[in-house]
Structure formats: structure tokens, C-alpha cells
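In: Prediction below, plus the sequence it came from.
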There are 2 protein chains.
Amino acid sequence: MDLRPAAVRVLLEHLERLPGVGPRTARSLAEHLLIADPAEVAGLAEALNRLHGRVRLCSVCSSLTEGDPCPICVDPERDHGTILVVEKPTTVWSVEDTRQYHGLYHALLGHLSPLHGVGPEDLTIDRLVERCRGDEITEVILATDPTVEGETTALYIARRLENLGVEISRPASGIPVGGEIAAADQLTLAKALQSRRKL
Amino acid sequence: MDLRPAAVRVLLEHLERLPGVGPRTARSLAEHLLIADPAEVAGLAEALNRLHGRVRLCSVCSSLTEGDPCPICVDPERDHGTILVVEKPTTVWSVEDTRQYHGLYHALLGHLSPLHGVGPEDLTIDRLVERCRGDEITEVILATDPTVEGETTALYIARRLENLGVEISRPASGIPVGGEIAAADQLTLAKALQSRRKL
């Protein structure tokens, strides 16, 4: 007979719906939670409950924020002449962690994908074009992913921004730092060779 | 600057405390939860909140249950002459899933580990010995893990049960079904050869 108490079964069902969590991982998580400090489990539950109540998308740049506009959009110390465009709002955090970028952001909330019915109107492209009108913005860095969809999206946006007098760039593709040349896939290696730098 | 909203940071801290969840997995889980249906996230939170309130250890066999004693201990259809002993209460579910065992269970809630200060009094061994007094129990299967601690624990329990007139057995160790002989570690292969069966 299935001995799992109903409360455990319900938890397992929820855990198995998380990305990358199969039945085995779900079970080991549930086992851990069963023997964990009840206060810790309650804390996790509370963190989940607060997530959607507190976090929203910035009405300017669509990054994730508790206040609107987000802290970056209203920060006078940032370079308000540059916008870095990403697909997912959370990618903003990765860029920020590098401490190499000091401009503004714009999250598209996805990429163009005709096969999945995602057109320009489903992304925040119109809002990006609007932000680039006027004189303030001088450069747009299109940091969509180096995938077919990401490249297509970057090209489409580049065309939309063509006559607005902004410089448009894209991060370099190449061998990851610390990676091995031989381990790179053919496309990455080809890109890296094409974009070789003089020493 | 760290742009993660406080609600996201708190969730990431909780997620990273789960077994097998590092910063990367925590981030991908948080990203998923941020874009997930709020009702699904609330459901997971509720499942977590109910877990400790509803699930307890059976006062007889220490397996996890919502009612006490557990459904197995009170089931007249089960073989009440056999007890299968496991370390963790959740292992009961794995055994039950095989549909090969129809007796009772006993969870030790760990294994003997002098190095970590775990002695017989920290496990449910006394209760197991108590259950084996009298005539009803005829066989005890010591299904502790085939590790040093598991073997030690099995040997200790076998000694404690010595004069109670119960048969004591241990599941076979060997090559996993579907596994390759060459892929087995030396200890497992040695065990498998020692326990070879006549065809």
C-alpha cells in the first residue's frame, strides 16, 4: 500500500513540478523537510508566500523589484545614457554581480519565437523603442542569449532602433574564461576565431 | 548593487539550505517560482506548512504517519509475525513500493555511530527488542544500509535479539539488477561472489 501520509504526497506532487526536480530529488527534499526544524520549514513557506505579494516588474525596465520604479531606474549615480537589454529579468542580477556595468537595464520578458507564437507585441520591445527616443540614450547593448532566438531578437530590435541615433552593440561570443579550446563546441570556436583580438 | 528584492533574497537563503541545492539551483528555482502561477506557489507553501502539523512518527514502529498507530501496524491483513527493520522511516515507502513484503516495519531513526555520539539509546532499539518478546514475532529482517554503520547496527541488534527465538536475516548484497559486473565496486563484487547462488 502507499504508506506516504497525504501531507507528504501533496508536498511530493508540488516538489516534482519544480524544474529539475524528479521523483528521487523530491523524495530526498521531502525527507529532509520532514526531519528539519519546523521553524525552518515554516520560514521557507513564508518566503514563498511573500514572493508574489512583494515582488513586481519595474514599470520602466521590467526588472524584478519591490518598489516601482526599481532602484536602478531611479539611481542618479547610474549612467542614464546606456541601456543593457536582457531576455529574463533575473539576468539583470548576473550582470550586476560582475560590477562592470553602470548603466540602465531593459528586460524583454522573453525572446521572439514565431514557432511558439511569441511576436514583438508579446515582449517589451515597444517600451524599449520609446525609451530610446529623445536624446538621453546613446548606447543600447543587446545582451539577448547567443541562441537562434536570441540572435533573431537582437537583429529585430537593432532594426527597430536603426534611425534613433543610438549606438547598438552585442556582448562578444567566445571561449569561456578558464575553458579549454578543445572543449568548445564548433560554433563557439568559429565565433571566437572570427572575433580574434590582436595582441 | 545587489538588485535582488528582499523577498527573493530570503527565499534564496532558504532554498540554499536544502540538500543538494547550491546557489545556481536555488536561483533557477527562484526564477521558476517568480514566473509560476501564484496559486501553485501558495500551494507549495501550504503543503510545507501542513507537513509538520500533520505527520508524526508511529508510536509502535516509528514510520511516518498521520494516524497513530500507522495503517500498517493496525492492518489485520499484514503478516504480524515479521518485522523489517530500516534506518530511516522513509525507507519503509521504498520497500512497500516493491509489493514484495507483507509484514510489519520498525524504523530505528538512524544507525549506531560512536564517532557522532549515536548510541543504542538514541535509536528505537529497546522498543524493537520489546516488540520481539512474546511469541508473535518469528522473523526480523535487518534492512539497515550495507555501510559500515549499517552493518555494525545490524550486528548489534542481532546480538540483542539472540535469545528471543526469532529468526534474523539481512537482505542480500550484490550487483544491482541491470548493472554491469565490471562497473561494480570491489566490495560489492566480492560480496556478490561470496553469496553466489547455484543455478
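Out: Arrived safely, thanks for sending.
In: immediately after the longest helix seen in chain A, which helix or strand?
Out: Counting by DSSP state H, the longest helix found in chain A is helix A:38-54. Next in sequence after helix A:38-54, counting helices and strands by DSSP states H and E, comes strand A:56-57.
In: Give the pairing partners of that following strand; include direction for each.
Out: According to DSSP bridges, strand A:56-57 has the following sheet partners: strand A:64-65 (antiparallel).
In: Tell me where chain A has helices.
Out: Taking DSSP H as the test, the helices found in chain A are A:6-16, A:23-35, A:38-54, A:91-97, A:125-132, A:148-160, A:186-194.
In: which other helices and strands contact the longest one?
Out: Pointing back at helix A:38-54 there. Under the contact definition 3 or more CB pairs under 8 Å, 6 or more residues apart in numbering or on different chains; DSSP states H and E, helix A:38-54 sits against helix B:6-16, helix B:23-35, helix B:38-54. C-beta coordinates here come from the backbone N, C-alpha and C atoms, glycine included.
In: and it, which residues are buried?
Out: Neighbour counts using 16 or more other CB atoms under 10 Å in any protein chain shown place A:40-52 of helix A:38-54 among the buried residues.
In: care to break chain A down by domain?
Out: Under the assignment automatic domain parsing, the domains of chain A span A:6-54, A:64-198.
In: would you list those in TSV and tack on mean pLDDT?
Out: Formatted as TSV, those follow (pLDDT from 0 to 100):
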stretch	mean pLDDT
domain A:6-54	91
domain A:64-198	90
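In: Nearest approach to residue B:143 belongs to which of those domains?
Out: Each of the domains of chain A has some distance to residue B:143 by CB to CB; the shortest is domain A:6-54, at 16.6 Å.
In: ends of the closest one, how far apart?
Out: By CA to CA, to the nearest Å, the extent of domain A:6-54 from end to end equals 31 Å.
In: Then stretch A:50-61?
Out: End-to-end for stretch A:50-61, by CA to CA: 22 Å.
In: Identify all contacting residues around that stretch.
Out: Applying CB atoms under 8 Å, 6 or more residues apart in numbering or on different chains, the contact partners of stretch A:50-61 are A:63-66, A:68-70, A:72-73, A:83, A:89, A:104-107, A:109, A:131, B:5-8, B:10-11, B:30, B:33-34, B:38, B:41-42.
In: which among those end up buried?
Out: Burial by neighbour count, 16+ other CB under 10 Å: within the contacts of stretch A:50-61 this picks out A:63-65, A:70, A:72-73, A:83, A:89, A:104-107, A:109, A:131, B:5, B:7-8, B:10-11, B:30, B:33-34, B:41-42.
In: how close does residue A:30 get to residue A:12?
Out: Computed as CB to CB, to the nearest Å, the residue A:30 to residue A:12 distance reads 6 Å.
In: anything in contact with each of the two?
Out: Residues touching both residue A:30 and residue A:12 (CB under 8 Å, 6+ apart): there are none.
In: so residue A:181 touches residue A:193, yeah?
Out: No - the criterion here is CB atoms under 8 Å, and residue A:181 misses it with residue A:193 at 9.8 Å.
In: List the contacts of residue A:109.
Out: Applying CB under 8 Å, 6+ apart to residue A:109 gives the contacts A:57, A:62, A:87, A:88, A:89, A:122, A:123, A:124.
In: run the last query once more with 7 Å
Out: Shown in contact with residue A:109 (CB atoms under 7 Å, 6 or more residues apart in numbering or on different chains): A:62, A:123, A:124.
In: Skip the chain neighbours and tell me the closest residue to the first one.
Out: For residue A:62, ignoring the flanking residues on the chain, the nearest one in space by CB to CB, 6 or more residues apart in numbering or on different chains is residue A:107 at 4.0 Å.
In: Look up the residues forming beta bridges with that neighbour.
Out: The partner list for residue A:107 in beta bridges (DSSP bridges) reads residue A:86.
In: ok, it to residue B:63 distance?
Out: From residue A:107 to residue B:63 the distance is 48 Å (CB to CB).
In: same question, residue A:27
Out: Shown here: residue A:27 relative to residue B:63, a distance of 15 Å by CB to CB.
In: go on, residue A:40?
Out: From residue A:40 across to residue B:63, the span is 23 Å (CB to CB).
In: Residue A:96 now?
Out: To residue B:63, residue A:96 is 48 Å away according to CB to CB.
In: Please apply the same query to residue A:37.
Out: In terms of CB to CB, residue A:37 sits 21 Å off from residue B:63.
In: Surely residue A:48 is in contact with residue B:46?
Out: No - between residue A:48 and residue B:46 no contact is recorded; they are 9.2 Å apart, counting by CB atoms under 7 Å.
In: dump the residue contacts of the residue lying closest to residue A:104 once chain neighbours are set aside.
Out: Leaving aside its sequence neighbours, residue A:104 sits nearest to residue A:83 (CB to CB, 6+ apart; 5.0 Å). By CB under 7 Å, 6+ apart, the residues touching residue A:83 are A:103, A:104, A:105, A:106, A:131, A:137, A:140.
In: again with residue A:112
Out: Residues counted as contacts of residue A:112 (CB under 7 Å, 6+ apart) are A:118, A:119, A:120, A:149, A:152, A:153, A:156.
In: Out of these, grab the one that's most surrounded.
Out: residue A:153 (25 neighbours; other CB atoms under 10 Å in any protein chain shown).
In: From what I see, it and residue A:111 are in contact.
Out: Yes - if you go by CB under 7 Å, residue A:153 and residue A:111 touch, sitting 4.4 Å apart.
In: and for these two, which residues touch both?
Out: residue A:144.
In: burial count for the nearest residue to residue A:4 once chain neighbours are set aside?
Out: The shortest distance from residue A:4 to any non-neighbouring residue, by CB to CB, 6+ apart, is to residue B:93 (5.8 Å). Around residue B:93 there are 19 other residues, counting by other CB under 10 Å.
In: Let me know the distance separating residue A:151 from residue A:173.
Out: Residue A:151 sits 10 Å away from residue A:173, taking CB to CB as the criterion.
In: circling back: tell me which of the helices and strands packed on helix A:38-54 lies nearest to residue A:22.
Out: The nearest among those, by CB to CB, is helix B:23-35 at 13.2 Å.
In: Against which helices or strands is that closest one packed?
Out: Other helices and strands packing on helix B:23-35, by 3 or more CB pairs under 7 Å, 6 or more residues apart in numbering or on different chains; DSSP states H and E, are helix A:38-54, helix B:6-16.
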